[in-house]
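Participant: Got a sequence here, can you build the structure:
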Amino acid sequence: MAKNLVIVESPAKARTITKMLGKEYEVASSMGHLVDLPASRLGVDLEHDFAPHYIVIQKRRKMAKQLLQEARGKQVIYLAPDPDREGEAISWHLAKLLRDDEAAQAKKARAKTPKAPPVSTQRRSKKTTAQRDGLAATKGQGQAGLKIYRITFHEITPQAVNAALKHPGEIDLKKVNAQQARRILDRLVGYSLSPLLWKKVGRGLSAGRVQSVALRLIVEREKAIQAFVPKEYWTIEAELRTNAGETFNAQLDKIGEQDAEIATKDEAERLTRELQGQSFLVGAVEEKEQKRYPKPPLITSTLQQEAFHKLGFSSMNTMRIAQQLYEGLDIGEVSPVGLITYMRTDSVRVADEALTAVRRFIGKTFGTPYLPGEARRYKSRKTAQEAHEAIRPTNVARTPESLQSFLTREQLELYRLVWQRFVASQMTDALDKVVSVRIDAGHFHLKANGRTNLFAGWTKVYQEADEEDTAEGKSPEGILPPLATGDRLALVSCLPSQHFTKPPRRYTDASLVKALEEQGIGRPSTYAPTIQTIVSRDYVRRESGSLIPTDLGRIVTDLLIEHFPEVMDVKFTAELEEELDQIEEGDQDWVGVVRHFYTPFSSRVTTAQERMREVKREVVPTPYTCEQCGKPMVIKWGRFGQFLSCSDYPTCKNAKPLPTGVPCPQPGCGGGLVQRRAKGRRFYGCSNYPTCTYTTRQLPKQQNQE
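Facilitator: Numbers count the residues shown, from 1 in each chain. Predicted coordinates for the structure are as follows:
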């Protein structure tokens, strides 16, 4: 039997590492957290420095028992969960379970040891074999026998895993304290606000410290969109021809010395007529070379953003696929291989050996012109954990093309994104020629911009996803024909175009992650779960990639802002994240941070219980009649928003979804479509169910009432 046990979180990770190690090692999985705060109660002692009461999770007890059995008899146990705060906390809980089990086994061994004969018949200095075994169970196993180490690695490769085993360390209690503080803060908020929402709005609702602030951003963006008043403006674009017969477009820029700001159709048409009667002359040509620098390799936030823009992946889907690439896949080698480094990171640091490898690859594959004189080193945000690396391929020589037959489409697309961004980050600058031309026509001045690529540089490998579409009315930028000051131009056409200013864009997974990162809300491991939570709670819905708040999301946000301004404050939440970072650095005491938050918060909870508006008691009359008792139906609030309820509740408990106003498309049905939910998913079904079983994911567009 192997003398050493390595414990990781996931079975996939365990399978990959098992095939990398020799027979002297066994690898087991804890399936994530085995220990946590109890689900049925607060589990935090408010009277004694917020001491947590941890238990083995009910659904994980069988797994914990099995893991402890595997650990018995081992000499060394290596705890190898992910290299972040949560992984450190998992390691800490595992170590305590293992030590407690060690002590329990020693106690059992002592209980089985026969009592020594009376002193009169046996000398005190002489011990029986059983007594010696009992001492070994306590001292030998706990001190010289069982040894528990913490190991970390940022990529699952034989080199990284073996290096970690050769240099084991101890559990970082500062990281554990930071994670414990986050967990307790989230528990205090959730277990205080959720019951309040059940009482005031509807059962099954939840509120969280980070998710509620993310929801606020989405709700406030929607309010700004609804309050936006479009403003009309016009542009005038001319098509011009050179003496050589080449055409290009230019846009009216100035009238005299003033910017061309055209507000009405009449003004645009008048200016167009004036412009058509002018002679066109090239007034000035400015040419310059412009470098475009590569972006750093991906981190968690930029991975989610780029995967959304380029691949259409949600944040949760991106992280799910990245986890698979990190934990290891079968690519035709002796054992499964981790293809990318750890994917929950905010650091753009790259290991020296990886820089050496990618520079060698660039020089060999693309040639010296594409290789900078020295490796590029990027600067992370000040809050980044520099012990981590950026997300990169574990072996740059594994090109996406070489893995095509082994990966699923989604895995290959995400791997290609990581690989290309990493390689591009170490290539030379792209070089463009930028041309700006002023065209004079009487007192009118037009402008034309052109851009020509002179050297591809890093763009030979990677093209950035453009989050914003080209702004409507913006002067086009393309390739201009040769132009010189004094050249005369012929007018081919001159057309005015109407535009309207646009409201702010709705958040998408990508832009929300970007906003959360920029404002310091949450950390790499929290972005995707935060979005998933507010969507699954039906506070937000995805429509064509946009995140749109529901009526329920709006009302919950308004109530929380009114009664818990600190919890919902973006700056306050960001400052709390910084305090968690300070706990990890050893500059703050976790109990003090929790107390500083909880003291005013608990006072606000008490006040809100008395003063918060009771939404679920509010009713809105409707023209509908209850088919069971004949009483009027009213609109009420519930867990999933508004619904129709009999006004004679609780005597009559008839309730049903609100009508959408869209008739069922089934011929001869006569029913209407209503919103339903199944397994957390929203869909529309016929009100005549089960007579009519028609369902659809989206309402017909031409009648969409949303």
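Participant: Quick check: phi and psi at residue 564.
Facilitator: With angles defined as degrees, to the nearest 10, residue 564 sits at phi -130, psi 60.
Participant: pLDDT at it, what is it?
Facilitator: With respect to pLDDT, residue 564 scores 96.
Participant: can you check residue 697 too?
Facilitator: 81.
Participant: Okay, buried residues for stretch 315-324 please.
Facilitator: Across stretch 315-324, burial judged by 16 or more other Cβ atoms under 10 Å covers 315, 316, 317, 318, 319, 321, 322, 323, 324. Using the backbone N, CA and C atoms, a C-beta is placed for each residue, glycine as well.
Participant: Ok, stretch 586-606 next?
Facilitator: Result for stretch 586-606 [16+ other Cβ under 10 Å]: buried residues 588, 590, 591, 593, 594, 597, 598, 601, 604, 605.
Participant: if you look at those residues, which of them are in strands?
Facilitator: Using DSSP state E, no member of those falls in strands.
Participant: for these, which one is nearest residue 499?
Facilitator: residue 604 (46.6 Å; Cβ to Cβ).
Participant: For the closest residue to the closest one other than its chain neighbours, give its distance to residue 294.
Facilitator: Ranked by Cβ to Cβ, 6 or more residues apart in numbering and with sequence neighbours excluded, the top spatial neighbour of residue 604 is residue 564, at 5.6 Å. Distance, residue 564 to residue 294, using Cβ to Cβ, to the nearest Å: 43 Å.
Participant: How about the helix or strand containing residue 674, which residues are buried there?
Facilitator: For residue 674, the host element (DSSP states H and E) is strand 672-678. Neighbour-count burial for strand 672-678, counted by 16+ other Cβ under 10 Å, picks out 673, 674, 675, 676.
Participant: next structured bit after that strand?
Facilitator: That would be, after strand 672-678 and using DSSP H and E, strand 681-686.
Participant: Partner strands of whichever helix or strand comes after that following strand, with direction?
Facilitator: Downstream of strand 681-686, the first helix or strand assigned by DSSP H and E is strand 695-696. Sheet pairing here is set by DSSP bridges, and for strand 695-696 it gives strand 681-686 (antiparallel).
Participant: what mean pLDDT would you report for the partner strand?
Facilitator: If you average the pLDDT over strand 681-686, you get 84.
Participant: packing partners for the host helix or strand of residue 103?
Facilitator: Element membership for residue 103, per DSSP H and E: helix 85-112. In this structure, helix 85-112 packs against strand 35-36, helix 61-71, strand 76-79, helix 129-135, strand 147-150, helix 173-200, with contacts taken as 3 or more Cβ pairs under 8 Å, 6 or more residues apart in numbering; DSSP states H and E.
Participant: report the angle between the axes of it and helix 173-200?
Facilitator: In terms of direction (axes from the mean of the first three to the mean of the last three Cα atoms, to 10 degrees), helix 85-112 departs from helix 173-200 by 100 degrees.
Participant: Would you mind listing the buried residues in helix 85-112?
Facilitator: Within helix 85-112, the residues scored as buried using 16+ other Cβ under 10 Å are 85-95, 97-98, 101-102, 105-106, 109.
Participant: Stretch 341-359 too?
Facilitator: Counting neighbours by 16+ other Cβ under 10 Å, the buried set in stretch 341-359 is 341-350, 354-355, 357-359.
Participant: Among those, which one lies nearest to residue 250?
Facilitator: Nearest to residue 250, judged by Cβ to Cβ, of the buried residues of stretch 341-359 is residue 348 at 40.7 Å.
Participant: hang on, the closest one in a helix?
Facilitator: No: checked against DSSP: H, G, I helix; E, B strand; the rest coil, residue 348 lies outside a helix; its state is coil.
Participant: pretty sure it contacts residue 378?
Facilitator: Yes: checked against Cβ atoms under 8 Å, the pair residue 348 and residue 378 is within contact range at 4.2 Å.
Participant: Which neighbours do those two have in common?
Facilitator: 296, 297, 390 (Cβ atoms under 8 Å, 6 or more residues apart in numbering).
Participant: got TSV for these, with pLDDT too?
Facilitator: Listed next are these as TSV, based on pLDDT from 0 to 100:
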residue	pLDDT
296	97
297	97
390	96
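Participant: from these, which is closest to residue 221?
Facilitator: residue 296 (27.5 Å).
Participant: before we move on, the earlier item: narrow the buried residues of stretch 586-606 to those in helices?
Facilitator: When these are checked against helices (DSSP state H), the matches are 590, 591, 593, 594, 597, 598, 601, 604, 605.
Participant: Sketch out the low-pLDDT regions of the stretch 401-550 of the chain for me.
Facilitator: Applying pLDDT under 70 to the stretch 401-550 of the chain flags residues 465-477.
Participant: And the helices in it, which stretches?
Facilitator: 409-425, 509-518, 527-536 (DSSP state H, counting those that start in this stretch).
Participant: May I see those helices arranged in CSV, with distance to residue 637 and mean neighbour count as well?
Facilitator: Compiled in CSV, the helices of the stretch 401-550 of the chain are given as follows (distance: least, Cβ to Cβ, whole Å; neighbours: other Cβ atoms under 10 Å):
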stretch, distance to residue 637, mean neighbour count
helix 409-425, 38, 21
helix 509-518, 26, 22
helix 527-536, 18, 21
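Participant: So which of the ones you listed is nearest residue 19?
Facilitator: Across those, closest to residue 19 is helix 409-425 (Cβ to Cβ), at 19.2 Å.
Participant: Distance from the closest one to the middle of the chain?
Facilitator: Averaging C-alpha positions (Cα atoms, centre = their mean, to the nearest Å) puts helix 409-425 18 Å from its chain's average.
Participant: which helices and strands sit right next to it?
Facilitator: Short answer (3+ Cβ pairs under 8 Å, 6+ apart): helix 409-425 packs on helix 300-306, helix 315-327, helix 352-366.
Participant: angle of it against helix 315-327?
Facilitator: Going by the same axes, to 10 degrees, helix 409-425 makes 80 degrees with helix 315-327.
Participant: Near residue 640, how many other residues are there?
Facilitator: 18 (other Cβ atoms under 10 Å).
Participant: Now do the contacts for it.
Facilitator: Taking Cβ under 8 Å, 6+ apart, we find residue 640 in contact with 538, 552, 677.
Participant: Give the bridge partners for the last one, please.
Facilitator: For residue 677, the residues forming beta bridges with it (DSSP bridges) are residue 682.
Participant: Quick one: residues contacting it.
Facilitator: So residue 677 contacts 538, 640, 683 (Cβ under 8 Å, 6+ apart).
Participant: Now do the second one against residue 583, distance only.
Facilitator: Pointing back at residue 640 there. 38 Å.
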